[in-house]
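Trainee: dropping the sequence and predicted coords here.
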Amino acid sequence: MLQIAFIRENQEKVINALAKRNIDANSIVNEVVQLDEQRRATQVALDNTLSESNKLSKDIGDLMKSGEKAKAAILKEKTVSLKEKSKELAEKADALAEELIQKLYTLPNLPADIVPNGKSADDNLNVFQEGDIPTLHEGALPHWELVKKYDIIDFELGVKITGAGFPVYKGKGARLQRALINYFLDKNTAAGYKEMQVPHLVNEASGYGTGQLPDKEGQMYHATVDDLYLIPTAEVPVTNLFRDVIVSENELPILCTAYTPCFRREAGSYGAHVRGLNRLHQFDKVEIVRIEHPEKSYEALDGMVEHVKDILQELKLPYRILRLCGGDMGFTSALTYDFEVFSTAQDRWLEISSVSNFETFQANRLKLRFKDKDGKNQLAHTLNGSSLALPRVLAGILENYQTPDGIVIPEVLRPYCGFDIID
């Protein structure tokens, strides 16, 4: 959530920045500023009324002590009127504050200066590419055919049990999935990230804290009886560990990693581009989250990008890194780098990771602060990244490592799998 003081003092800057997201924010920014002015004026009136009431209470006490009960009675009548007025002002101030925060919830984060202009994924900037795209043998198959051939993932069984988008991993497919999870966690913990195990359902406050609510409410599975949401990513519970927390400056940075299943409704997703593992309703992902000092968060973002690059280099998968344009960037992000792996059998790039800096956007919602050297509370910066999302990494491995004799396991994963080939 954007800070109201910043919006009030930088209205033109906010409007221009949101234009990079292709949003005309003139009216909403004006509404926010006007609501804030009304709220502040109402709060001033309330404070003055309470101050006057408190003064009268003191005067009444003095009059009673001096025996001037008649004068005290007159003042008491006035305090009744002031109490009624203060109650009305307090209710008005609360209503204005709630209306203001609901308006603020609709404003996305401001893009960083280096975010390119653009309206869609077609306008994202390719900033890095590495790895040779393999030449596959004649008769090479896309992963949804490979998993049938080797009986390692069953999409039809998932439909039987739950519905489309909930695959069942079998035999070496399940072992490869577990191997990837353990490998990713080991890479992250070796880089200094503390492993966490977190709940897979969160309350509404957690959804609002990291910005999934209200923006992505339609994409989240909602357990309505208990008013809990299935997590779309480990970012939500891990980052919310620090909701309403004040850390000392010397505790920064804080680095966490977690494996969780992730649940996304993906409403409206259909067609060949979402076939097989390309888009699922339930999938596994290993996440990294950082709480950083504002002066060091972009250096940390660069470090996270290098960390994900190192993993993909070890897996020997061809990949590229995109700097997302304003029109394709997530609601909460100030700057995002997407990693894509090349699916040779599908002849297309598949997104496997997003690494983002949210600056103070989430921290403002979370009330996540640190105490600086002067003893003042400052909002921290939050960052997160997929390290990595499994389905499309698995699709890339299955397709790029296929041979006429079977699917070769990347060398770095063999100690985790306990086998060298799926045949």
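Mentor: Ah, there it is.
Trainee: any buried residues in the helix or strand hosting E306, and which?
Mentor: Per DSSP states H and E, E306 falls inside helix 297-315. By neighbour count on 16 or more other CB atoms under 10 Å, the buried set for helix 297-315 is 297-298, 300-301, 303-305, 307-309, 311-312, 315. Backbone N, C-alpha and C define where each C-beta goes, glycine included.
Trainee: that helix packs against which elements?
Mentor: strand 125-130, helix 172-190, strand 282-292, strand 319-323, strand 335-343, strand 348-357, strand 381-389 (3 or more CB pairs under 8 Å, 6 or more residues apart in numbering; DSSP states H and E).
Trainee: quick revisit: for the buried residues of helix 297-315, which one is nearest D122?
Mentor: V305 (22.1 Å; CB to CB).
Trainee: isn't the closest one right up against I321?
Mentor: Yes - proximity of V305 to I321 meets the contact threshold set by CB atoms under 8 Å, at 6.8 Å.
Trainee: so which of the helices and strands packed on helix 297-315 is nearest D94?
Mentor: Of the helices and strands packed on helix 297-315, nearest to D94 by CB to CB is strand 381-389, at 28.4 Å.
Trainee: and that closest one, which strands flank it?
Mentor: Partners of strand 381-389 in the sheet, by DSSP bridges, are strand 282-292 (antiparallel), strand 348-357 (antiparallel).
Trainee: would you mark the buried spots in that strand?
Mentor: The neighbour-count check on strand 381-389 (16+ other CB under 10 Å) flags 381-389 as buried.
Trainee: please work out the average pLDDT along that strand.
Mentor: Strand 381-389 shows a mean pLDDT of 97.
Trainee: ok, R392 - contacts?
Mentor: 277-278, 341, 343, 350-352 (CB atoms under 8 Å, 6 or more residues apart in numbering).
Trainee: so it lies in a helix, does it not?
Mentor: Yes - assessed with DSSP: H, G, I helix; E, B strand; the rest coil, R392 lies in a helix.
Trainee: show me where this protein has helices.
Mentor: Using DSSP state H, the helices of the chain run over 4-9, 11-19, 26-65, 69-105, 143-149, 155-161, 172-190, 204-210, 235-240, 297-315, 361-366, 390-400, 414-417.
Trainee: among those helices, which is nearest D423?
Mentor: Smallest distance to D423 across the helices of the chain (CB to CB): 9.1 Å, for helix 172-190.
Trainee: mind giving me the packing neighbours of the closest one?
Mentor: Looks like helix 172-190 contacts strand 194-196, strand 254-263, strand 282-292, helix 297-315, strand 381-389, helix 390-400, helix 414-417, strand 421-422 (3+ CB pairs under 8 Å, 6+ apart).
Trainee: how about the fifth one as CSV, C-alpha atoms only?
Mentor: Written as CSV, here are the backbone C-alpha positions of strand 381-389 (Å, rounded to 0.1, in the frame of the first residue of the first chain):
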residue,chain,number,x,y,z
HIS,A,381,11.7,-3.2,2.2
THR,A,382,10.4,-6.7,1.3
LEU,A,383,11.6,-8.9,-1.6
ASN,A,384,10.7,-12.4,-2.8
GLY,A,385,11.5,-14.8,-5.5
SER,A,386,10.6,-18.3,-6.8
SER,A,387,13.6,-20.5,-6.2
LEU,A,388,12.0,-22.3,-8.0
ALA,A,389,8.5,-23.1,-9.2
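Trainee: quick check: angle from it to helix 172-190?
Mentor: Strand 381-389 and helix 172-190 are oriented at 150 degrees to each other (axes from the mean of the first three to the mean of the last three CA atoms, to 10 degrees).
Trainee: ok now strand 381-389, how far from the chain's centre?
Mentor: 8 Å (CA atoms, centre = their mean, to the nearest Å).
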